[in-house]
Structures are given as structure tokens and as C-alpha cells.
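> can't give you the sequence, but here's the structure:
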């Protein structure tokens, strides 16, 4: 397998990767207390129905990929090849205000997961952030994507917070709350 900088010619192949998310469990977020005394707790629970989400590349991700690959915006896009097939994608962009490199997406073809390719791509992103002298690498996952949360935790990222209203006013009810992860570099 080879990890390399992606090119604009890779764009159509990158968005065709099988990024399916599959999990029988989720992270249940429970709130206790009111106002400034509110506390949050996470625990692994079984989903009512196993999550199988095709996780296609949406328009926002496609736009970000095109902007970075065209050199219009700053960032890094990595591609992974195996037997002349594109099997991995990672994109990260700097957040200048926060002095971080934000992982926007990291996907490995469904059939090639759990072989270290995602970790290798993530560590290249971290190395890039160090070259830019940034303070951290950040990422966002959802509580219903337990494999992603475990991936970032295993890679040494720290869970820094949750936002129960990031996507809608009903994220908590939908069991899809945004979780924010950081890997400090200093």
C-alpha cells in the first residue's frame, strides 16, 4: 500500500470509496443537573437497530476536496493506493484562529479497514501539523459512529467536548451528538 498526496485527477475516484459506517452500538450521552450544574456522561449501549450508513461523500466534502486539490484553499489531501486501486482518503484543513489542523474526513474502503492504513494516514496528518507548527490536530465524530470514536481514542486523541445542538435542535434524541477530539502537539 502506498500513501501519497492526492491530485485533482483523483477526485472522482476519491468520492467513490466505500465509506460505509457499521456498528451495533453507540455512545449514549446522558445529561444530569440543570444550568451551570449540568453534567454529561457517555456509555456504550446497543443500538435498537444495527447502524449501516453508506456515508456517501456529500456536497460540502466534495467542495472542500476540490478547493484544496486545486490549491484554492490550504490543506492536505492524502490518497492511499493498493494494487492500483484507490482505497483511502484523508483531508485536513488548518484552522488559523485556533492554530489547529482539522481532520475533515478520513475514510478507508470498507474491505481494507483494520489494517493500519487509517492510522498511517492520520499520523501523516499529525506530522504535517507539526511542520506547520500548530498546537493540535482536531476531529469531529458522532456518538452513533462508535468505530470512529474508538479510532481517534486509540490514536491518542482526547475527547474535549460534545455539542448536543451542532446539527439540529434534536441531536440528543437522534442519538447523533457531535463529539470533539484533540491531539495536542505541544
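Yep, it's here. Please read all numbers here as calculations on a predicted model, not as lab measurements.
> mind listing the helices for this protein?
11-14, 59-69, 117-131, 146-154, 171-174 (DSSP state H).
> could you list every residue that touches the spatially closest residue to residue 98 that is not a sequence neighbour?
Leaving aside its chain neighbours, residue 98 sits nearest to residue 138 (7.5 Å; criterion: CB to CB, 6 or more residues apart in numbering). All C-beta atoms are positioned from the backbone trio N, CA, C, and that covers glycine. When contacts are counted by CB atoms under 8 Å, 6 or more residues apart in numbering, residue 138 touches 95, 98, 100, 101, 102, 103, 180, 181, 182, 183.
> In the protein, what helix or strand scores lowest on average pLDDT?
helix 171-174 (a mean of 59; mean pLDDT, DSSP states H and E).
> Next, the contact list for residue 120, please.
Shown here is residue 120, whose contacts under the criterion CB under 8 Å, 6+ apart are 3, 80.
> what stretches of the protein score poorly on pLDDT?
For the chain, the stretches with pLDDT under 70 are 169-174.
> picking up where we left off before, so how do I select the buried members of the contacts of residue 138 in PyMOL?
For the buried members of the contacts of residue 138, the matching PyMOL selection, counting by 16 or more other CB atoms under 10 Å, is:
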select buried, resi 100+101+102+103+180+181+182+183
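> chain center to stretch 79-96: distance?
12 Å (CA atoms, centre = their mean, to the nearest Å).
> swap in stretch 177-184?
How far stretch 177-184 lies from its chain's middle: 9 Å, per CA atoms, centre = their mean.
> how much space between residue 88 and residue 7?
Distance of residue 88 to residue 7, computed by CB to CB, to the nearest Å: 14 Å.
> I figured residue 17 hits residue 90, correct?
No: applying CB atoms under 8 Å as the test, residue 17 and residue 90 come out as separate, 11.0 Å apart.
> where do the contact lists of those two overlap?
Common contacts of residue 17 and residue 90, defined by CB under 8 Å, 6+ apart, comprise residue 107.
> Tell me which residues touch residue 26, please.
Here residue 26 is in contact with 44, 45, 47, 51, 143, 144, 146, 175 (CB under 8 Å, 6+ apart).
> Same drill for residue 88 and residue 7, tell me which one is more crowded.
residue 88 (25 against 11; other CB atoms under 10 Å).
> Nearest spatial neighbour of the more buried one, chain-adjacent residues omitted?
Nearest one to residue 88, counting by CB to CB, 6+ apart, is residue 80 at 3.0 Å.
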